[in-house]
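1. Predicted coordinates and the sequence they were generated for:
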Amino acid sequence: RQRVLSGVQPTGNLHLGNYLGAIRNWVEIQSQYENFLFIADLHAITVPHEPATLAANTYTLATLYLACGLDLNHSTIFVQSHVSAHSELTWLFNCITPLNWLQDMIQFKEKAVKQGENVNVGLLDYPVLMASDILLYQPDKVPVGEDQKQHLELTRDIVNRFNHFFAKPNQPVLKLPEPLIRKEGARVMSLTDGTKKMSKSDPSELSRINLLDSPDEITKKIKRCKTDPIRGLEFDNPERPESNNLLTLYMLLSGKTKEEVAAECQDMGWGQFKPLLTDTTIEALKPIQEKYQTVTNDKGYLESVLRHGKHKAEAIANQTLNEVKAAMGYSIPL
Ligand code: TYM
């Protein structure tokens, strides 16, 4: 059975971009794969963080994984910091990764500008940790949103470089993972600006819909979201990014096809479309929110899921780590 690996950072709430770009796709394909899905709490400290909420955010995210429909019969859920091999492999990869590869990463450059003086080494090293997350599990597929594409390319570059230095010809130590980026939903845009991606770090709460938003909050955000003065909605018109984004949300959340949505909305005014999108969003999130409440009330269950996940992940991760160390010439303790 082919293997899938992916993760999300536990920075506050999950939004529709995280759901439609990543988690929903994990859920949809999980029965065809062996899945390792984790909470990237080591990545979460590459920007200033609040110790008092880190653990709580990790639990919230694990609960959301279950609420979105991850099934433990197919998927192993674990916390990155619980498996120390992630940090250890990062060190080994650090020593074979050229500095300029990291300096050229788009997300590093964007985040570094925002951080100003406070750029730490971890922020630069973020993609190497991500390569370690992935390669420890030797996955076939890594389902992510569009914004992670460059990190996946760097991961593949590290594989090639590692095998080139340390593997025997035709006997690669590390396997090349493939990104799995769906066309629709891979880049959900902000509600307040259709040219910017929906993001956890946008200071405006109005820019995103969170999975745990109440019906009132969803109604308010969609009522106030950016539109344009043109009547009739359409996909794929570069002059109308908001129209494309909101129609795409409606399509994905309603389960209708692109053709159906295009036909249904081509003559609609915004005043008619907004309530439709609002109702569809509220309905789509309702089962997730209900399941979230059920799991939240059972902390013991969640802890047992993460404990089990740690053991299962650790066994695989440690095996890869030992293979990597052996290939690099380390003596492995007996
Ligand atoms: P993170 O936490 O920023 O985002 C989690 C997932 O959500 C996707 N995503 C989006 N998709 C569509 N539209 C958007 N507006 C949008 N915003 C976010 C992201 O592409 C991602 O799939 N570095 C990763 C976490 C990570 C990881 C990994 C992922 C760490 N190690 C190993 C895969 C494999 C991140 O920060 O995702």
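-> Perfect, I can see it now. Numbers count the residues shown, from 1 in each chain.

2. so what does the lowest-mean-pLDDT helix or strand in the chain touch, helix or strand wise?
-> The weakest-scoring helix or strand in the chain, judged by mean pLDDT, DSSP states H and E, is helix 106-115 (a mean of 90). Judged by 3 or more CB pairs under 8 Å, 6 or more residues apart in numbering; DSSP states H and E, the packing partners of helix 106-115 are helix 121-135, helix 149-166. Quick note: C-beta positions are derived from backbone N, CA and C, even for glycine.

3. Taking their axis directions, that helix and helix 149-166 sit at what angle?
-> Put simply, helix 106-115 runs at 120 degrees to helix 149-166, going by axes from the mean of the first three to the mean of the last three CA atoms, to 10 degrees.

4. Give me the nearest residue to the residue of the stretch 51-200 of the chain found nearest the ligand, chain neighbours excluded.
-> Residue of the stretch 51-200 of the chain nearest the ligand, by CB to the nearest ligand atom: Gly145 (2.5 Å). Nearest non-adjacent residue to Gly145, counting by CB to CB, 6 or more residues apart in numbering: Gly21, 3.1 Å away.

5. Val4: what's it in contact with?
-> Val4 is in contact with 26, 29-30, 33-37, 139-143, 180, counting by CB atoms under 8 Å, 6 or more residues apart in numbering.

6. roughly how far apart are it and His74?
-> Val4 sits 9 Å away from His74, going by CB to CB, to the nearest Å.

7. Over to Asn25?
-> Asn25 is 14 Å from His74, by CB to CB.

8. Same drill for those two, tell me which one is more crowded.
-> A count of neighbours by other CB atoms under 10 Å puts Asn25 above the other of Asn25 and His74, at 21 against 18.

9. Asp104: neighbour count?
-> Neighbour tally, Asp104, other CB under 10 Å: 12.

10. same thing with Asn13?
-> Asn13 has 17 nearby residues by other CB under 10 Å.

11. could you check the distance from it over to the ligand?
-> As judged by CB to the nearest ligand atom, to the nearest Å, Asn13 and the ligand stand 11 Å apart.

12. any idea of the pLDDT on the closest residue to the ligand within the stretch 201-334 of the chain?
-> Closest approach between the stretch 201-334 of the chain and the ligand, counting by CB to the nearest ligand atom: Arg208, at 8.2 Å. Looking at Arg208, its pLDDT is 97.

13. For the remainder of this discussion, apply numbering that starts at 45.
-> Let's use 45 as the start, then, which means that last one is Arg252.
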